[in-house]
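>>> Next comes the sequence, and after it the predicted model I'd like to discuss.
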Amino acid sequence: MSNQNQWCTNDMRKTIIKNSIRRFRFENNEMSQQELADKAGVTRHAIISIEKGAYYPSLELAFKIARVYHTELLTFADRLLQVKNK
């Protein structure tokens, strides 16, 4: 895979994650960044960084965020990917 293709893939992931986390917060009674952070056991700054695309969540944090939304990680990831396709 060329460096350009890797960059495009990373850029797409960044867009998917930052747009979707915010959308999921608002689909859940307009959950604040602080509420999500408290429930996931991280700082508000971590949630802000994910939404801005400056930070990729670890697998552990992704599981925690999925649990906040009462869904399995694969279901949560699938919904993240569907956002980009809409």
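Noted; the coordinates are in hand.
>>> Mind telling me what element residue 21 is part of?
helix 3-27 (DSSP states H and E).
>>> So for the helix or strand that that helix is followed by, mean pLDDT?
Using DSSP H and E, the helix or strand that follows helix 3-27 in sequence is helix 33-40. Helix 33-40 carries an average pLDDT of 96.
>>> for stretch 48-56, same thing?
Mean predicted confidence for stretch 48-56 is 83.
>>> do the same with stretch 20-28
83.
>>> Buried residues in it, which are they?
20, 21, 22, 24, 25 (16 or more other C-beta atoms under 10 Å). Backbone N, C-alpha and C define where each C-beta goes, glycine included.
>>> do the same with stretch 45-54
Quick answer for stretch 45-54 (16+ other C-beta under 10 Å): 46, 47, 49, 50, 51, 53.
>>> Residue 75 sits in which helix or strand?
With DSSP H and E as criterion, residue 75 is part of helix 73-85.
>>> now that helix: mean pLDDT?
Mean predicted lDDT for helix 73-85 stands at 67.
>>> OK, contacts around residue 77?
Counting by C-beta atoms under 8 Å, 6 or more residues apart in numbering, residue 77 touches 62, 66.
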